[in-house]
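**Student:** Here is my input; please provide its structure:
(chains A, B, C and D)
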Number of protein chains: 2
Amino acid sequence: MPPNVKPQRESLEIVVLSVLAEEPLYGYSIIKRVANRSDDAIRLTAGVLYPLLHELEAARLIESTWETVRSDRAGESSAGRKRKWYQLTAKGRRRLTQRITAHRAFQAMIEAFLPPRGADEEATT
Amino acid sequence: MPPNVKPQRESLEIVVLSVLAEEPLYGYSIIKRVANRSDDAIRLTAGVLYPLLHELEAARLIESTWETVRSDRAGESSAGRKRKWYQLTAKGRRRLTQRITAHRAFQAMIEAFLPPRGADEEATT
DNA sequence: TGCCGATATATCGAAATCAGATATATTTGG
DNA sequence: CCAAATATATCTGATTTCGATATATCGGCA
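**Tutor:** I've put the predicted structure just below:
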């Protein structure tokens, strides 16, 4: 597996808002989706994701609804497993757009400091 | 002035190594250069930069030499102002290349999660 | 000439952040 | 029936980061 690159809060928020911009997801499914899509490079842990989701919800960037999944086998008597689905709010969508703009601007800025791409490669022209 | 985007360690190290890849600089001049080039978006503070420089030196990614600047006016008696010039080592140059590769790979990964560029613009075609 | 703002390096401690451990409960597959 | 996966949540120790503090010199201007 690839080296564990740690996504700090900023990137983290962008990634979470982005996946939620596509469709509603619940916590655990966010973890799995991000891991799969990033080829395991970005491994959200529960300890990082849940507090973030709670924060985003408090800021009204996302909204949640509980779902209770009852298994066939267990039947009536079972309490059922609980899932908390999150979806982006209009405010969240605006925030995402804004964060992306800022992110790209910042990355362009960083890139401007770097030696030009391919500065190390040998006469490929 | 633009919003204060804080460069965390990773980006920070890349930026510092990059400016040193161009030419030797001393601490204060690094702060000024980065501020100017980034249009004040990246403001290194002494409290962040100096410890980083010391770390980089300990890791032999950079080397330093002291310069004493004596003013005309003050003459012999003056102790002179001290500047610590830093230059990239061969090891530092390799590290930079490596960090850049990792940085770009990570950014590409993040970008892959984002809605495509210009997803919000209206029929400009 | 005396003072202030800029130049210059450096450390420290409070505050924020983060990864990993811990807790609890259900479901699925063997 | 048991272990691994699913699912949410918090807490704590370790690391990071920011801003304050310290010290000293230099340049310009009143």
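**Student:** tell me the contacts of the residue most central in space within chain A?
**Tutor:** Centroid-nearest residue in chain A: residue A:16, 2.2 Å away (criterion: CA atoms, centre = their mean). If you count contacts by CB atoms under 8 Å, 6 or more residues apart in numbering or on different chains, residue A:16 has them with A:30, A:34, A:49, A:52-53, A:56. Using the backbone N, CA and C atoms, a C-beta is placed for each residue, glycine as well.
**Student:** how about stretch A:34-44: buried residues?
**Tutor:** A:34, A:38, A:41-42, A:44 (16 or more other CB atoms under 10 Å in any protein chain shown).
**Student:** Just the element for the residue nearest to the centre of chain A, please.
**Tutor:** Using DSSP states H and E, residue A:16 maps to helix A:9-22.
**Student:** The helix or strand that that helix is followed by and chain B in contact?
**Tutor:** Per DSSP H and E, the first helix or strand lying C-terminal to helix A:9-22 is strand A:25-26. No - Strand A:25-26 does not reach chain B (CB under 8 Å from any CB of the partner chain); its nearest approach is 12.7 Å.
**Student:** could you give the mean pLDDT of strand A:25-26?
**Tutor:** Here strand A:25-26 scores 98 as its mean pLDDT.
**Student:** what's the angle between the helix or strand following it and helix A:9-22?
**Tutor:** Downstream of strand A:25-26, the next assigned helix or strand under DSSP H and E is helix A:27-37. If you take axes from the mean of the first three to the mean of the last three CA atoms, to 10 degrees, helix A:27-37 sits at 100 degrees to helix A:9-22.
**Student:** ok so, going back, what two of the contacts of residue A:16 are the furthest from one another?
**Tutor:** Using CB to CB, the contacts of residue A:16 reach their maximum pairwise distance at A:34 and A:56, which is 14.8 Å.
**Student:** buried stuff in the helix holding residue A:16?
**Tutor:** For helix A:9-22, burial by neighbour count (16+ other CB under 10 Å) applies to A:10-21.
**Student:** quick one: low-confidence parts of chain A?
**Tutor:** Within chain A, the ranges that satisfy pLDDT under 70 run A:1-7, A:75, A:120-125.
**Student:** Show me which pair in the buried residues of stretch A:34-44 is furthest apart.
**Tutor:** The largest separation in the buried residues of stretch A:34-44, counting by CB to CB, is between A:41 and A:44 at 11.3 Å.
**Student:** Next up, the contacts around the residue lying closest to residue A:115 once chain neighbours are set aside.
**Tutor:** Of all residues not flanking residue A:115 in the chain, residue B:21 sits nearest, at 6.1 Å (CB to CB, 6 or more residues apart in numbering or on different chains). Residue B:21 makes contacts with A:115, B:88, B:93, B:96, as judged by CB under 8 Å, 6+ apart.
**Student:** Tabulate the buried residues of stretch A:34-44 (a markdown table), appending distance to residue A:78.
**Tutor:** Output for those, formatted as a markdown table (distance: CB to CB, whole Å):
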| residue | distance to residue A:78 |
| --- | --- |
| A:34 | 30 |
| A:38 | 35 |
| A:41 | 37 |
| A:42 | 34 |
| A:44 | 29 |
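**Student:** Between those, which sits nearest residue B:25?
**Tutor:** For those, the nearest to residue B:25 is residue A:41 (33.2 Å; CB to CB).
**Student:** ok, the closest one touching residue B:109?
**Tutor:** Yes - with contact defined as CB atoms under 8 Å, residue A:41 counts as touching residue B:109 (5.8 Å).
**Student:** what's the distance between residue A:100 and residue B:84?
**Tutor:** Applying CB to CB, to the nearest Å, the value for residue A:100 to residue B:84 is 39 Å.
**Student:** if you count what's nearby, which of the two comes out ahead?
**Tutor:** Taking other CB atoms under 10 Å in any protein chain shown, residue A:100 and residue B:84 do not tie; residue A:100 has more neighbours (21 against 14).
**Student:** quick one, what contacts that one?
**Tutor:** By CB under 8 Å, 6+ apart, the residues touching residue A:100 are A:14, B:114-115.
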